[in-house]
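S.K.: pasted the sequence and its predicted model underneath.
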Amino acid sequence: MIKQAVFQGKNKKRRYFEGWYYKCISADRKHAIAIIPGMAIDPQGNKQAFIQVINAANGKTWYHPFPYFEFKARTDEFDVEIENNAFNAQGLSLNVDTKEGSIKGRLTFDEIHPFPRGPKHPGIMGPFGVIPFMECYHAILHLYHEIKGVIELDGELLDFNGGVGYIEKDYGRSFPKTYLWLQASHFAGGNASFVFSRANIPFLGLEFPGFFAYFTDFKTITRRFATYNFSRLEKWEVDTEKGTCAGVLEGPNGSLAFSALMNSGGRLRAPVDGLMDREIIESITAKVWVCLTNNQGVVLFESASNEAGMEICLDDQVASNKESE
């Protein structure tokens, strides 16, 4: 089974990217930031390292580039360094001071809930996660963890003691041209985690719509909905003008209805053939509602979150204000 958290790109020469996504929410929910360390190789073989930051409070984003020789990553365990910055499963340490801005401090994680993996479930992508030559691979590392520490962002102190976080990663050639992504871990009704993504996936010269979703309350409820386990996405609607989406997931063990509303977001750079020149809009204060029922229609969990991650990206062919299926 592939150790998805560790660096996969050691022998890549061109058209490749890899990035780890840390989402951090403070205990009082006044501060929400995302930190993305990564690397990329363009079609000509030029390499770079980077650290991206988004501050939900004002939607401001930072892209800090670094020479590739400053990037060091182990292939046997999750351990990444970029100049004087370090990232792993137990925390992160930041010491960035560039013309783009500054971010400094250290966060440590405990009470970690990793994404469950095993022979039958190699990752959130299921069997697609082990097929070679996919355009983009997605992995969830931590569904939830608690945070200790303080970050100084452009001179502002952000206290994350008692806060919670989430880690995922992407790697491959390019982000999908058309996709939607949701992630929420801060529900008013109690601790839970919900992740959903739908994308048009190129494969062997063809393209097909695929999706995956995962929900857990960390106690007794765990549900997986995905193309690969014959779940269905019903009543699917996305409105790019309003920044909304909604759908009903029907799976072997029940159904999950959800809706989401994009809040103010910031511009992040995303890869196209290893070139970090595509701009996407991401919110980490989106509003998400979920309602999970079993096969008998009994409600198992219903709640909303106001600190969700959300991205809506449509290519030119489907960039009308509304897409339905």
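M.R.: That came through fine.
S.K.: from now on I want contacts and neighbour counts done on CA atoms only, so please keep to that.
M.R.: Fine.
S.K.: quick check: Asn95 touching Phe87?
M.R.: No: with contact defined as C-alpha atoms under 8 Å, Asn95 does not reach Phe87; the gap is 11.7 Å.
S.K.: low-confidence ranges in the protein?
M.R.: Per-residue confidence for the chain (pLDDT under 70) gives these ranges: 1, 204-205, 315-325.
S.K.: re the thing from before, the more surrounded of Asn95 and Phe87?
M.R.: Applying other C-alpha atoms under 10 Å to Asn95 and Phe87 shows that Phe87 carries more neighbours, namely 21 against 17.
S.K.: confirm that Phe128 lies within a strand, as I assumed.
M.R.: No: under the criterion used here (DSSP: H, G, I helix; E, B strand; the rest coil), Phe128 is helix, not part of a strand.
S.K.: quick one: it and Asp170, what's the gap?
M.R.: Using C-alpha to C-alpha, to the nearest Å, we find Phe128 at a distance of 14 Å from Asp170.
S.K.: phi, psi for Lys47 please.
M.R.: Its backbone dihedrals place Lys47 at phi -110, psi 150, with angles given as degrees, to the nearest 10.
S.K.: now it. Nearest residue, chain neighbours left out?
M.R.: In this structure, Lys47 finds its nearest non-sequential neighbour in Ile41, 4.4 Å apart by C-alpha to C-alpha, 6 or more residues apart in numbering.
S.K.: just to revisit the earlier point, more neighbours: which of Phe128 and Asp170?
M.R.: Residue environment comparison for Phe128 versus Asp170 gives the larger neighbour count to Asp170, 20 against 15, counting by other C-alpha under 10 Å.
S.K.: need the contact list for that one.
M.R.: With contact set as C-alpha atoms under 8 Å, 6 or more residues apart in numbering, Asp170 has these partners: 18-20, 136-139.
S.K.: run the last query once more with 10 Å
M.R.: The neighbours of Asp170, taking C-alpha atoms under 10 Å, 6 or more residues apart in numbering as the test, are 4-5, 17-21, 38, 136-140.
S.K.: Gly105: which of these is nearest?
M.R.: Tyr21 (17.1 Å; C-alpha to C-alpha).
S.K.: quick check: what element follows whichever strand or helix holds the closest one along the chain?
M.R.: Tyr21 belongs to strand 16-25 when assigned by DSSP states H and E. Downstream of strand 16-25, the next assigned helix or strand under DSSP H and E is strand 32-41.
S.K.: any idea how far that following strand is from the chain center?
M.R.: Relative to the mean C-alpha coordinate of its chain, strand 32-41 is positioned 10 Å out (C-alpha atoms, centre = their mean, to the nearest Å).
S.K.: and the next element down the chain from that strand?
M.R.: Moving toward the C-terminus from strand 32-41, the next element (DSSP H and E) is strand 47-55.
S.K.: Cys313 versus the residue nearest to Lys47, what's the distance?
M.R.: As judged by C-alpha to C-alpha, Ile41 and Cys313 stand 22 Å apart.
S.K.: who's more crowded, the two?
M.R.: With other C-alpha under 10 Å as the criterion, Ile41 and Cys313 differ in neighbour count, and Ile41 comes out ahead with 25 against 20.
S.K.: doesn't Asn11 make contact with that one?
M.R.: No: in this structure, Ile41 sits apart from Asn11 without contact. The criterion is C-alpha atoms under 10 Å, and the distance is 11.2 Å.
S.K.: what's the helix or strand for the nearest residue to Ala184 once chain neighbours are set aside?
M.R.: The shortest distance from Ala184 to any residue that is not its chain neighbour, by C-alpha to C-alpha, 6+ apart, is 4.4 Å, and that residue is Ala308. When elements are defined using DSSP H and E, Ala308 is found to belong to strand 299-313.
S.K.: now do that strand: distance to the chain's middle.
M.R.: Relative to its parent chain, strand 299-313 has a centroid offset of 13 Å by C-alpha atoms, centre = their mean.
S.K.: just checking: what are the partner strands of that strand?
M.R.: According to DSSP bridges, strand 299-313 has the following sheet partners: strand 179-187 (antiparallel), strand 275-293 (antiparallel).
S.K.: next one: phi and psi at the most centrally placed residue in the chain?
M.R.: The C-alpha lying nearest the average C-alpha coordinate of the chain belongs to Glu168 (C-alpha atoms, centre = their mean; 5.1 Å). Phi and psi for Glu168, reported as degrees, to the nearest 10, are phi -140, psi 180.
S.K.: residue contacts, it?
M.R.: For Glu168, the contacting residues are 4-5, 19-23, 36, 115, 138-143, by C-alpha under 10 Å, 6+ apart.
S.K.: cool, Ala304 as well?
M.R.: The contact partners of Ala304, taken as C-alpha under 10 Å, 6+ apart, are 184-190, 258-260, 287-291.
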